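Novice: Provided below for reference: sequence and predicted model.
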Amino acid sequence: MKFSHRRVDKSSPNIWLLDVLKNSSFASDINYDESLIVAKASKSGLCVVCKGSKFLCGKKRCPIIVKVNYFLKSVPLMQSEDITGASPPSVFVGRIGYPYVYAGPLVPPVHEDTSLYDLPEFWLGKSIDEIVGFRSMLIRGKHRVHVRKFEEAGKIIEKTCELALAVKPVDVELMLKKKPCGFLILNDEVQPFGPSAPIRDLRVGNPRWDRQIQKAYGDTDLKAVEAVLELYGKGVLVTKIQRAFSVGAFGLKKNRRLVPTRWSITAVDSIVSKELIEKVKTFPEISGYRVYESRYLDNVFEVLMVPSAWSYEIIEAWYPGTVWNPSGRSVFVYSGWEGYDGRTTYAEIGGCYYAARLAVCEQLVKERRQAAVIVLREAHPGYIMPVGVWQVRENVRNAMRQKPLIYNTLDEALKRVANQLQIPLKRWIHKSELLQNILFQKRITDFLRRA
């Protein structure tokens with residue numbers, strides 16, 4: 001379904017959303033124009049019947065209502081072609097049309113400390129409403145560029161790259177070719193974001209660059225992987241490394257290019273966690289069976305660590321009515337794993353695989369220990385829309401910060417995990433390569449004990 005900044009045909013039967021707005025308490029204090037609303041209901045007609053109040057999709061809250069709420073609040077941002085504000089700093093590089101992509105700054109029309117708008121490391125505990133609020137305020141300027149020729153693309157991309165390296169919010173004047181267009185794709189696969197428009201001109205204040213990132217940017221003989229690892233080792237936040245990575249700030253001079261934001265996030269998580277794994281493999285195994293736990297945004301995470309050589313697996317269970325299982329009638333479970341020697345292909349489960357892997361490796365390196373790690377995740381209907389893989393990384397990091405529950409046997413640890421999750425333990429085991437291996441695979445040491 002789509003909700004966009006266009007005039008509605010009131011003769012159309014698709015004006016159900018107007019009725020929802022008129023009868024919704026949140027709309028009473030919002031000055032909105034009905035001519036801005038176009039709504040296309042789902043083919044099944046479920047939304048028309050529900051109208052945001054009966055929760056027929058299984059969610060605890062209607063994601064359409066949440067998104068529309070913040071869309072309407074962003075309507076005043078669409079009234080001018082000239083936007084001024086303090087960028088967090090934040091930039092976005094798209095992926096549609098690659099290698100020709102749209103890149104540009106994200107600018108909220110406010111002059112205050114906006115740093116929180118693009119620092120997911122500090123979002124844990126924030127509600128979905130707060131997070132959608134951050135994203136909806138960011139107006140996206142777009143400029144088309146070839147990823148390999150960004151240094152020849154002129155002032156707009158040059159200033160965008162400078163902004164990405166800033167350490168604090170930067171005053172930005174964003175002149176657009178037309179009034180920004182606000183639209184919401186009412187599909188759980190797409191994260192909410194603010195209005196956007198092509199850039200006519202861009203003026204950026206004097207950004208104070210992150211000193212460590214600036215050094216890596218200036219070293220054109222330093223490979224991108226080495227730059228990422230060096231910055232992470234010096235304590236630079238993963239989000240800031242990802243942002244600089246996306247604007248081609250790292251690598252050999254001839255190899256530098258723009259990287260779509262979505263790809264850069266996963267790339268940095270993968271690069272860092274892969275390096276940490278090599279350290280983990282040199283440490284002794286943990287003693288005892290550990291269980292770590294975290295709950296946030298109706299996501300339940302149980303992390304099981306088993307005394308063993310390094311291996312890793314993440315299993316996700318999505319309930320009907322959740323982001324990736326919107327119309328299913330049963331829980332959908334899928335997984336990704338790797339053994340001691342790692343994997344050579346991209347994990348089908350996506351970016352969350354690498355985000356969680358980074359979080360568990362950080363803890364093992366901190367303790368100088370090695371283990372087989374299994375991350376179990378249940379996503380319940382309260383997780384009404386995607387907010388990004390950052391929530392997986394920060395949820396697992398939060399679990400790692402808690403004192404682990406330690407058990408003498410695997411059975412005891414699994415009983416604890418089973419008690420915290422709704423899906424029967426047998427189903428987790430059936431889906432898990434590592435648990436099946438640990439529970440059923442005979443080892444040489446088993447025969448030695450008998451002898």
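Specialist: That came through fine.
Novice: for the helix or strand hosting Lys366, which positions count as buried?
Specialist: Lys366 belongs to helix 351-367 when assigned by DSSP states H and E. Of all the residues in helix 351-367, those buried under the rule 16 or more other C-beta atoms under 10 Å are 351-365. C-betas here are computed from N, CA, C, even on glycine.
Novice: quick one: the strands in this protein, in order.
Specialist: All strands of the chain, identified by DSSP state E, fall at 2-4, 82-87, 91-93, 100-107, 139-146, 170-176, 183-185, 196-204, 289-296, 299-306, 311-318, 332-338, 372-379, 405-407.
Novice: could you give the bridge partners of the closest residue to Leu410 other than its chain neighbours?
Specialist: Using C-beta to C-beta, 6 or more residues apart in numbering and skipping residues adjacent in sequence, the residue nearest Leu410 is Tyr289, 5.5 Å away. Here Tyr289 sits in beta bridges with Tyr407, going by DSSP bridges.
Novice: and Tyr289, how many neighbours?
Specialist: 22 (other C-beta atoms under 10 Å).
Novice: would you mind confirming that it makes contact with Glu412?
Specialist: Yes: applying C-beta atoms under 8 Å, one finds Tyr289 in contact with Glu412, separated by 7.0 Å.
Novice: mind giving me the domain split of the chain?
Specialist: Listed domain ranges for the chain are 2-76, 78-207, 212-279, 284-450 (source: automatic domain parsing).
Novice: ranking the ones you listed by mean pLDDT, which is last?
Specialist: Of all the domains of the chain, the minimum mean pLDDT falls on domain 2-76 (a mean of 55).
Novice: may I have the helix holding Lys366 as CSV, with CA atoms only?
Specialist: Taking C-alpha atoms only, helix 351-367 is exported to CSV below (Å, rounded to 0.1, in the frame of the first residue of the first chain):
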residue,chain,number,x,y,z
GLY,A,351,22.4,-8.0,7.9
CYS,A,352,21.2,-9.1,11.3
TYR,A,353,23.5,-12.1,11.0
TYR,A,354,26.6,-9.9,11.1
ALA,A,355,25.2,-7.4,13.5
ALA,A,356,24.6,-10.1,16.2
ARG,A,357,27.9,-11.7,15.4
LEU,A,358,29.7,-8.5,16.1
ALA,A,359,28.0,-8.1,19.5
VAL,A,360,28.8,-11.6,20.7
CYS,A,361,32.4,-11.4,19.5
GLU,A,362,32.9,-8.2,21.3
GLN,A,363,32.0,-9.9,24.6
LEU,A,364,34.2,-13.0,24.0
VAL,A,365,37.2,-10.8,23.1
LYS,A,366,36.6,-8.7,26.2
GLU,A,367,36.7,-11.9,28.3
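Novice: and the angle from that helix to strand 311-318?
Specialist: 140 degrees (axes from the mean of the first three to the mean of the last three C-alpha atoms, to 10 degrees).
Novice: just how off-centre is helix 351-367 within its chain?
Specialist: Centre-to-centre, helix 351-367 and its host chain are 15 Å apart (C-alpha atoms, centre = their mean, to the nearest Å).
Novice: contacts for it, please.
Specialist: Contact with helix 351-367 is made by 238, 262, 265-266, 269-270, 272-273, 276-277, 279-280, 283, 286, 303, 305, 312, 314, 316, 336, 347, 370-371, 373, 375, 389-390, 392-394, 396-397, 399-400, as judged by C-beta atoms under 8 Å, 6 or more residues apart in numbering.
Novice: closest to His143 out of the buried residues of helix 351-367?
Specialist: Distance to His143, by C-beta to C-beta, is smallest for Gly351 among those, at 25.5 Å.
Novice: quick check: Trp209 touching Leu163?
Specialist: No: the criterion here is C-beta under 8 Å, and Trp209 misses it with Leu163 at 10.0 Å.
Novice: ok, these two, which is more surrounded?
Specialist: Leu163 (26 against 18).
Novice: which residues sit in contact with the more buried one?
Specialist: 87, 89, 91, 105, 170, 172, 204, 207.
Novice: what would the strands of the chain look like in TSV with distance to Val228?
Specialist: Output for the strands of the chain, formatted as TSV (distance: least, C-beta to C-beta, whole Å):
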stretch	distance to Val228
strand 2-4	37
strand 82-87	23
strand 91-93	17
strand 100-107	20
strand 139-146	23
strand 170-176	23
strand 183-185	31
strand 196-204	25
strand 289-296	26
strand 299-306	25
strand 311-318	20
strand 332-338	20
strand 372-379	22
strand 405-407	34
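Novice: tell me which of these lies nearest to Lys155.
Specialist: Taking the strands of the chain one by one with C-beta to C-beta, strand 196-204 is closest: 6.9 Å.
Novice: now do the buried residues in the closest one.
Specialist: So, applying 16+ other C-beta under 10 Å, buried residues of strand 196-204: 196-199, 202, 204.
Novice: kindly report the same for stretch 301-312.
Specialist: Quick answer for stretch 301-312 (16+ other C-beta under 10 Å): 301-308, 310-312.
Novice: how about stretch 411-418?
Specialist: Buried, per 16+ other C-beta under 10 Å, within stretch 411-418: 413-414, 416-418.
Novice: can you tell me which of those end up in helices?
Specialist: Those of the buried residues of stretch 411-418 mapping onto helices are 413-414, 416-418, per DSSP state H.
Novice: which of those residues lies closest to Phe250?
Specialist: For these, the nearest to Phe250 is Val417 (39.4 Å; C-beta to C-beta).
Novice: tell me the contacts of that closest one?
Specialist: 291, 302, 304, 376, 425, 428.
Novice: with that, I have no additional questions.
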